[in-house]
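> Sequence and computational prediction follow.
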Amino acid sequence: MSGFDAARLGAVMSDLLALVRQRPRDLLPFEEVRDRLGLRRVVDRGTRDVPLEKIVGTFGRRGEFNRAFLPRSEALRERWEDVRDLAEGAAGFPVVELYLVGDVYFAVDGHHRISVARSLGAPAIEAHVLEFLTPVPLGPGDSLEDVLQKEGLADFLDATGLVPSAPDEFRVTHPGDYAEMLEHVAVHRYFLGLELERDVAWAEAVRSWYETLYRPMTETIRASGVMQDFPRRTEADLYLFTARHLHELRMRFGDGVAPGRAVEHFRLTMRKDRAARTRVRKEMEGPDDGAAEPPPPAKEDRGAGEG
């Protein structure tokens, strides 16, 4: 079996394995990633050795190679075998051209060289790299569906100017929830303006929302251990759940309900712990300052009627 035939067979097998494991089979298309994430700023990173396992995207040749950069089409045979002969010669490969987004590399020029290098078991390849800067985390295991989901995160970060301190700091499970977080910022801006009796700039409102609401609430959520009950959710998801729950509790019990109490009550509600939930609710209601303490029960007069 020729090297190309072995690579074609490997493409079929790796696609089947990816299907069974529910992992991406296709290369990420740079054009769509660029448009979805709004990539604009570019930095020339020069020439470096790039791990082949991180090259999982392409510029313009999406269907010709699979995610493992193995050839899918018979039409690639002649060029692929020529590059294979070149690899086995003394000169070796010319440098390939790559784009970098997050932790993912996209092949621009050198698709066949990358494919041959992978089939030969090489760990890395020499490449000239242009990096497109983005605060949105992108990894070699991400699918196009993941990129579509991260479009909402890119829009949120662009609108707020926030820079995540960790990859998942603002990531939500449902992309539509980013609009709700932006609404939180807008509402916070309104009430902050009332409190300060002046107009509040958007950037100031964003900073205040993050420092006085979002970060304290997510720190409380993290410390409470409630994330263990929601293994498929993010801290940003729990922030939104808790914020909604806090609003409901304050509608019932007044503005004195602290976010930490809302986190605990939410966790107990989800666990259906009625007794503990009642205890927390009573703590949130607090004592009735205007009510007098009930009198102690009267003692039984055992001696009444005895002479």
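On my side now, so go ahead. Everything quoted here is computed from the prediction, not taken from an experiment.

> Show me the domain layout of the protein.
As recorded under automatic domain parsing, the domains making up the chain are 3-132, 161-285.

> Turn these into JSON lines, including mean neighbour count and distance to residue 153.
Where you see a C-beta, it was placed from the backbone N, CA and C, and this is true even at glycine. Formatted as JSON lines, these follow (neighbours: other C-beta atoms under 10 Å; distance: least, C-beta to C-beta, whole Å):
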{"stretch": "domain 3-132", "mean neighbour count": "17", "distance to residue 153": "9"}
{"stretch": "domain 161-285", "mean neighbour count": "15", "distance to residue 153": "6"}
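
> Compare these and say which comes out lowest on pLDDT.
Of all the domains of the chain, the minimum mean pLDDT falls on domain 161-285 (a mean of 82).

> starting at the chain centroid, how far to that domain?
Domain 161-285 sits 18 Å away from the centroid of its parent chain (C-alpha atoms, centre = their mean, to the nearest Å).

> closest one to residue 148 among the domains of the chain?
Minimum separation from residue 148 across the domains of the chain (C-beta to C-beta) falls at domain 3-132, 6.4 Å.

> quick one: that closest one to chain centroid distance?
Distance, centroid of domain 3-132 to centroid of chain: 25 Å (C-alpha atoms, centre = their mean).

> Need the distance between the two termini of that domain.
35 Å (C-alpha to C-alpha, to the nearest Å).

> do the same with stretch 21-35
This stretch, stretch 21-35, spans 29 Å end to end (C-alpha to C-alpha).

> Mind exporting the C-alpha coordinates of whichever strand or helix holds residue 249 to CSV?
Secondary structure assignment for residue 249, by DSSP states H and E: helix 235-253. Below are the C-alpha coordinates for helix 235-253, written out as CSV (Å, rounded to 0.1, in the frame of the first residue of the first chain):
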residue,chain,number,x,y,z
GLU,A,235,-19.9,30.4,36.5
ALA,A,236,-21.5,33.0,34.2
ASP,A,237,-24.6,30.7,33.9
LEU,A,238,-24.8,30.5,37.6
TYR,A,239,-24.4,34.3,37.9
LEU,A,240,-27.5,34.7,35.7
PHE,A,241,-29.5,32.0,37.5
THR,A,242,-28.7,33.6,40.9
ALA,A,243,-29.4,37.1,39.6
ARG,A,244,-32.8,36.0,38.5
HIS,A,245,-33.3,34.2,41.9
LEU,A,246,-32.1,37.3,43.8
HIS,A,247,-34.6,39.5,42.0
GLU,A,248,-37.5,37.1,42.9
LEU,A,249,-36.4,37.0,46.5
ARG,A,250,-36.1,40.8,46.8
MET,A,251,-39.5,41.1,45.3
ARG,A,252,-40.8,38.9,48.1
PHE,A,253,-38.6,39.9,51.1
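
> on that earlier part again, export the domains of the chain as CSV, with columns for distance to residue 155.
Formatted as CSV, those follow (distance: least, C-beta to C-beta, whole Å):
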stretch, distance to residue 155
domain 3-132, 8
domain 161-285, 7
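
> No more questions from me, cheers.
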